[in-house]
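[1] With the sequence up front, the predicted model follows.
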Amino acid sequence: MPLFVRAGLRYNRWLETEGREPLDFPADVLTDLKTTGDQLSVFEVADAISAERIAIAVAAGRQDPDDTSYAVFDRVAAETLGIAVSEDNPGGTCDAGVNALHRDLRVGTARRLLDFAGLLATGEIIPLLKEQVANLLRDGFESGRLDHTRNKRLCDKVKAQIPKH
């Protein structure tokens, strides 16, 4: 059962979905599901690349280390909603391994996007706090998993904020 990750979610928004139907979700939840060309960017979890690593690769594209969260969901559950999955579409994160696992979900309609939001809300939204994000970013930059040349500004900020072990 292939699992996918949607990263870059704002945890506090998703807390407000509990016990609600998707049509009654706070509208701001949908800003975490920004589509381009009616498609939504996700990543497939692999044996060697965890959901957390994917979330940090996405966080490495931001200006500052900050709270973030991510959701893990089953590919079949998305396809059951009528959402098709693209196969070959490399991602644009600072982590080449994660980029190879990028997929686009062809959502197509607002109804399917709301149904997808419902799918995420019924699963677990995993929060990563700012300090944890900064530590994981630092580890990623220092290990070479994250290419610091793709976001040197963030890399420098992470180095300045976090004392060495």
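    Thanks, I have it.
[2] what about Glu142, which SS state?
    Judged by DSSP: H, G, I helix; E, B strand; the rest coil, the three-state class of Glu142 is helix.
[3] Thr149 versus that one, what's the distance?
    Remark: distance between Glu142 and Thr149 (Cβ to Cβ, to the nearest Å) = 14 Å. In this view, the C-beta of every residue, glycine as well, is placed from N, C-alpha and C.
[4] neighbour-wise, which of these two wins?
    Neighbour count, other Cβ atoms under 10 Å: between Glu142 and Thr149, Glu142 has more, with 14 against 8.
[5] May I ask you to confirm that Leu137 belongs to a helix?
    Yes: under three-state DSSP, Leu137 falls within a helix.
[6] quick one: low-confidence parts of this structure?
    150-165 (pLDDT under 70).
[7] Tell me how many other residues surround Gly118.
    With other Cβ under 10 Å as criterion, Gly118 counts 16.
[8] can I assume it is in contact with Asp24?
    No: assessed by Cβ atoms under 8 Å, Gly118 is found out of contact with Asp24, at 10.3 Å.
[9] And Tyr70, which helix or strand is it part of?
    Tyr70 is part of strand 68-74, with elements assigned from DSSP states H and E.
[10] Please pull up the helix or strand immediately following that strand.
    Scanning onward from strand 68-74 (DSSP H and E), the first element met is helix 75-80.
[11] Which elements pack onto that following helix?
    When contacts are defined as 3 or more Cβ pairs under 8 Å, 6 or more residues apart in numbering; DSSP states H and E, helix 75-80 sits against strand 3-9, strand 84-85, helix 110-122.
[12] could you dump the next helix or strand after the second one to CSV, C-alpha only?
    Scanning the chain past strand 84-85 towards its C-terminal end, the next helix or strand to appear is helix 96-99 (assignment: DSSP H and E). As requested, the backbone C-alpha atoms of helix 96-99 are provided in CSV (Å, rounded to 0.1, in the frame of the first residue of the first chain):
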residue,chain,number,x,y,z
ALA,A,96,17.4,15.3,-4.5
GLY,A,97,16.3,12.0,-3.0
VAL,A,98,12.9,13.5,-2.0
ASN,A,99,12.6,15.1,-5.4
